[in-house]
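K.L.:
Mind folding the following:
(chains A and B)
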Protein chains: 2
Amino acid sequence: MTTDNAGPTRLSVNQETVRQLSIPALVQGVTALGITGIGLWRAPVQEYGVEAAAKLVRDAGLTVTSLCRGGFFTAADPDDRKAALADNRTAIEEAATLGTDTLVLVSGGLPAGDRDIAAARARVADAITELAPYAGERGVRLAIEPLHPMYASDRCVISTLGQALDIAERFPAEQVGVVVDTYHIWWDDQVGALIDRAGAAGRIASFQVADWITPLPEGVLLGRGQLGDGSIDLRWYRERVDATGFDGAIEVEIFNPRLWAKEGTEALAEIADRYVRHVF
Amino acid sequence: MTTDNAGPTRLSVNQETVRQLSIPALVQGVTALGITGIGLWRAPVQEYGVEAAAKLVRDAGLTVTSLCRGGFFTAADPDDRKAALADNRTAIEEAATLGTDTLVLVSGGLPAGDRDIAAARARVADAITELAPYAGERGVRLAIEPLHPMYASDRCVISTLGQALDIAERFPAEQVGVVVDTYHIWWDDQVGALIDRAGAAGRIASFQVADWITPLPEGVLLGRGQLGDGSIDLRWYRERVDATGFDGAIEVEIFNPRLWAKEGTEALAEIADRYVRHVF
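P.N.:
Next up is the predicted model:
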C-alpha cells in the first residue's frame, strides 16, 4: 500500500483531452489519480486567469508539461504578421508565468488563395528566428510540432519530424525543440531514425500520444483515438523515445467527442488505465 | 481552324473522374474534345467486357494511359495473400489486353487489429517481387502509388514518393515504376528532389493531377479538388516532372461528387478547360 499515491509513471494529461473539466476540476482529478503533469491551453487559462491558474497548479504540486499553443506564422500580410508575432510573445510570457518550459507551436497553413507552400514554410522559420531568443531569455523553449500532412493547407505547413528538426537545428537546443506526437507522425517510414536524431540532439521538447482510428470525421480535427483503439504501436514509440535518453513527461492529447461526452473523472481514469496498458 | 482536332496537349482523363459516363460515352466524349488518352478502372471494364473495351478504345485511336488498380498486398493470412496475388496476375493480364503499359498499385493498409506497419510494408515489397517479372513479360509495368498519409491505416502503407522509389528501385525500371499524383504528395517538403530522382531513373510510370481542397469530407475519400480549386501549384508540378525528361500523359484523376453530379460531357469540358488554365 506504499504506492497508493504513485500514479501512472510520467503521465501528463493535456487539458484538451478532458475539456469538459474546469481547471480546478482538472487539477483535483489528476491529483486524485496520482498524475503529476498537465498540459494547458491558452484560451481556458486566459479565461480562468493566468496568474490564478499558475498558483493553482503550483499549490497542487503539478508540473505544467506544455502550453498550447503559439504559432500561426504564415500570414503574408505585414500587419497580420506583426500581430502574430506579438501574440506569440504574449504566449511565451504566459508559459513563463505558468512555470512551463515548453510552448507548443502550430505553425499555420497557407493563406487563403495562396499556393506557395515553400514561401509559407520560409515565413515559419523567419518567425521562429525572431522569437527564439525572446523565449530563451524567459526560460521557455519553442516546440515545433509537425502536424499530420492532412493539415498542411489549413493548419500547419510543417508536416514531418524531419522538417521540424531541419528548422529547430538552426537554433540553440535550449531555445527551440520539436514535439514528437504519435498521431501526426506514425505513418512516416523514416520516423524511427528521426526520433533518434531528435533525441540525440536533445531536441525532444514534448512527447505526446494519441491513437489513429478511422473513418476520419468531416474536417479531420476531432478524430483522434483513445490509446489502444487504433493502429499505432504506442509502446514502440515510448521505448524508442526513451532509448534516446528522454525521461520527460508523456502527454496524452486526444480530441475526441466520445471522450468529451464522458463524466470528466471517468475520462481521466480511462486515460490512466489505457496509458498503463498501451504506453508504459 | 487547322487545330480543331488538337485537344489539350497530353491530357488523359481517368474514368473515375467522370464515373457518370459509360465506357462508350467516355470514349465518344473525350474523342469529341480531341483528348487522346484515358485511364481505366478494372470494375467497370470487367462489367463492359475487357476484350470489348479494348476493341472500343483501340478503334477510337485512344491510348489507355493506366489501369487502376492492382495491389492490396498487406494481408497476413496466407490464403488471403494467395488470393491477392492471383487477382493481381489477372489485373496484369487485363492491362495487357487493354494495351496499357501501366498497372497502378494501391498497396493496401493494415489488417484489422494489426499495428505492425513495418511488417505490412515488407509484405508489399515481397508481393511486388513475386509479380514484377510476370508483369514485365506481358509488357506491363507495376506503378507503385504512394497514397496520402491519411490513408496509411486503411488503404496504403506506402505514404511518400521516397518510400515508393525505395521499393521500385529494387527492380528493373521496365518492370516497376511509381505514380506521381499531386494530391497525395503535395505536402512533402522533399517532393521536388524526389520527382527529380524518379525522373532521372526513368521511374515515372504515371503522372496524375488533382487539387487539394478543405474541409475534407468524412472518410476523406471523395474530397479531391477540381484543378485550380485548391492549394496545389499544379503547373509547378508539371514543369518539374517535364524537366526530368518525362513527356507522357498527364492524367486527371479526381473523386468528387460535385463533378459526378454534372452532365458527363460538361464535366469533361470543364476538366479540359481547367487543365489548360492550371496545368499546361
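K.L.:
Now do the contacts for the residue nearest the centre of chain A.
P.N.:
When chain A is reduced to its mean C-alpha position, the closest residue under C-alpha atoms, centre = their mean turns out to be A:Val104, at 5.4 Å. Under the criterion of C-beta atoms under 8 Å, 6 or more residues apart in numbering or on different chains, the contact list for A:Val104 reads A:Ser66, A:Leu67, A:Cys68, A:Arg69, A:Gly70, A:Gly71, A:Ala143, A:Glu145, A:Val179, A:Ser206. C-betas here are computed from N, CA, C, even on glycine.
K.L.:
Do you know the pLDDT at the fourth one?
P.N.:
It refers to A:Arg69. pLDDT recorded at A:Arg69 is 96.
K.L.:
element containing it?
P.N.:
Using DSSP states H and E, A:Arg69 maps to strand A:63-71.
K.L.:
Now flag whichever of the contacts of A:Val104 is closest to chain B.
P.N.:
Nearest to chain B among the contacts of A:Val104, counting by C-beta to the nearest C-beta, is A:Glu145 at 15.0 Å.
K.L.:
Hmm, A:Ala125 is touching A:Ala164, no?
P.N.:
No - with contact defined as C-beta atoms under 8 Å, A:Ala125 does not reach A:Ala164; the gap is 10.8 Å.
K.L.:
Who has more neighbours out of the two?
P.N.:
Using other C-beta atoms under 10 Å in any protein chain shown as the criterion, A:Ala125 and A:Ala164 rank with A:Ala164 on top: 30 against 17.
K.L.:
The more buried one: what secondary structure?
P.N.:
Recorded secondary structure, A:Ala164: helix (DSSP: H, G, I helix; E, B strand; the rest coil).
K.L.:
separation between it and A:Ile117?
P.N.:
15 Å (C-beta to C-beta, to the nearest Å).
K.L.:
May I ask which of the contacts of A:Val104 has the most neighbours?
P.N.:
A:Ser66 (31 neighbours).
K.L.:
pretty sure that residue is touching A:Trp41, no?
P.N.:
No - the pair A:Ser66 / A:Trp41 is not scored as a contact, 9.5 Å apart, by C-beta under 8 Å.
K.L.:
Spit out the residues that contact the two alike.
P.N.:
A:Asn14.
K.L.:
Quick one: name the residues of the stretch 151-280 of chain A near chain B.
P.N.:
With the criterion set to C-beta under 8 Å from any C-beta of the partner chain, the stretch 151-280 of chain A comes near chain B through A:152-154, A:157, A:159-160, A:162-163, A:186-190, A:212, A:214-220, A:230-233.
K.L.:
got the end-to-end distance for stretch A:213-228?
P.N.:
Across stretch A:213-228, the terminal residues are separated by 10 Å (C-alpha to C-alpha, to the nearest Å).
K.L.:
Next: stretch A:157-164.
P.N.:
This stretch, stretch A:157-164, spans 10 Å end to end (C-alpha to C-alpha).
K.L.:
Repeat that for stretch A:43-59.
P.N.:
Where stretch A:43-59 begins and where it ends lie 21 Å apart, using C-alpha to C-alpha.
K.L.:
outside of it, which residues touch it?
P.N.:
With C-beta under 8 Å, 6+ apart as the criterion, stretch A:43-59 contacts A:15, A:19, A:22-24, A:27, A:38, A:40, A:64, A:67, A:94, A:97-99.
K.L.:
Could you count how many residues lie near the closest residue to A:Val180 other than its chain neighbours?
P.N.:
Among residues not flanking A:Val180 along the chain, A:Phe207 sits closest, at 5.0 Å (C-beta to C-beta, 6 or more residues apart in numbering or on different chains). A:Phe207 has 25 neighbouring residues, counting by other C-beta under 10 Å.
K.L.:
got the contact list for A:Phe207?
P.N.:
Counted by C-beta under 8 Å, 6+ apart, A:Phe207 has contacts A:Val179, A:Val180, A:Asp181, A:Arg238, A:Val241, A:Phe246, A:Gly248, A:Ala249, A:Ile250, A:Glu251.
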